[in-house]
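> Sequence plus the predicted model coming up.
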Number of protein chains: 2
Amino acid sequence: MISQTVEYALRAIVTIAQHEGEPCTAKKIAEITQVPLPYLSKLMQGLVRGQLVNSQRGLHGGFVLTKSPKEITILDVIDVIEPFKRILTCPLGIESHGTTLCPLHRRLDKAMEATETILRATTLAEMLAQPGSVTPLCEEKKLVTLGLGRRSKKVEPWGTRTPSVLF
Amino acid sequence: MISQTVEYALRAIVTIAQHEGEPCTAKKIAEITQVPLPYLSKLMQGLVRGQLVNSQRGLHGGFVLTKSPKEITILDVIDVIEPFKRILTCPLGIESHGTTLCPLHRRLDKAMEATETILRATTLAEMLAQPGSVTPLCEEKKLVTLGLGRRSKKVEPWGTRTPSVLF
DNA sequence: CCAATATCGGACATGTATGTCCACAATTCA
DNA sequence: TGAATTGTGGACATACATGTCCGATATTGG
């Protein structure tokens, strides 16, 4: 239905939307969304090329949305990663009936149309945490510093393996 | 959205439904549906195990529906080949909010629900050729006998490469 | 300029869906 | 009983989605 890659992309862009104002690094997004960092990096390039996010290299860099969350729909994200393909012509290459589909593919396309309509109608803004909502917000991992000076290391505190709860 | 395998399975079962009464051989189905014969054979085993069709080996064998086309829906076929999976729990393994999904996955599941509803509501019977329908019926290839006696061979007549037009 | 932080881009590795092949078993008909 | 027909099941081959790695490039701050 929805590929793993698209699922990842949606998690990522929602996370970025949750942090409007400050750039999100790939590393941070990967932790929150539970997506493998190397794969996420590849993904993000797609979102950048698709003009949904801007990237900034270097210290304090990361990714930010190019538009308001109100102006980005789920379908926008899908179309940038792997375009939503409706059934427009006969999959068997039969040209005898122009744009008219057989009953089977007409039905299948109707089902796709229903999905497409819902996805086009849903913006990122609608999926952000609402003040009165029951849904928990995204909890970022609180890192604890171990050691001192150059050798210090940030790690997850013991007992906080609960993943973030945006999703 | 819908895997190639499911697409093939649907073509096949619609073809069988179109020929109620007589068994369809895999070879015949493969020709009509434009599905590679070896792959189709594998597929059919799934439909048999899923109790949607019965198989009969030997001369005059083939596949027939186990029930009336009115009692088989598109969703039935999908569920037998690769079950339609709704989003029931958080894909990130977060258990803190029971069965409640985050806004993102709630929306995605709504889209799937819409699709599922349509597919469950569509039976094979609705997709067969209607008397008054504009949609062309399935044209099977008319084979021509070349040669005589034991050496005769059935082949497609020249100039009839037009694929069948059920779909 | 140097070191640290981050993204970029291409090459490579793995896994799953798709597609192929072949020997075998069941059925029919003569 | 023998030959032709037709589905069955397992092993194998290929294509594409998914996932990994690493050097290059850009940016910041000292």
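Happy to help now that I have it.
> Low-confidence regions, chain A specifically.
A:94-99, A:129-167 (pLDDT under 70).
> residues from it in reach of DNA strand C?
Chain A comes close to DNA strand C at residues A:24-27, A:41-42, A:44-45, A:48, A:55-63, as judged by Cβ under 7 Å from any atom of the strand. C-beta coordinates here come from the backbone N, C-alpha and C atoms, glycine included.
> Would you map the helices across chain A?
For chain A, applying DSSP state H gives helices covering A:4-18, A:26-33, A:37-49, A:74-81, A:103-121.
> what's the closest of those helices to chain B?
helix A:103-121 (3.9 Å; Cβ to the nearest Cβ).
> ok, the residue nearest to residue A:84 when sequence neighbours are not counted - contacts?
Spatially, and ignoring its direct neighbours in sequence, residue A:84 is nearest to residue A:78 (5.2 Å; Cβ to Cβ, 6 or more residues apart in numbering or on different chains). Taking Cβ atoms under 8 Å, 6 or more residues apart in numbering or on different chains, we find residue A:78 in contact with A:2, A:6, A:84, A:119.
> from the residues you listed, which is closest to residue B:106?
residue A:119 (12.9 Å; Cβ to Cβ).
> Surely that closest one and residue A:75 touch.
Yes: counting by Cβ atoms under 8 Å, residue A:119 touches residue A:75, with 4.3 Å between them.
> and for these two, which residues touch both?
residue A:84.
> Sort out which of the residues of chain A next to DNA strand C are buried, if you could.
A:24, A:26, A:44, A:62, A:63 (16 or more other Cβ atoms under 10 Å in any protein chain shown).
> which of these lies closest to residue B:71?
Using Cβ to Cβ, those come closest to residue B:71 at residue A:44, 48.1 Å.
> What is the neighbour count of residue A:20?
Per other Cβ atoms under 10 Å in any protein chain shown, the neighbour tally for residue A:20 reads 13.
> Let me see the contact set for it.
Here residue A:20 is in contact with A:64, A:65, A:69 (Cβ under 8 Å, 6+ apart).
> Got the phi and psi for it?
phi -50, psi 140 (degrees, to the nearest 10).
> Was I right to think residue A:75 contacts residue A:112?
No: using Cβ under 8 Å, residue A:75 makes no contact with residue A:112, being 11.8 Å away.
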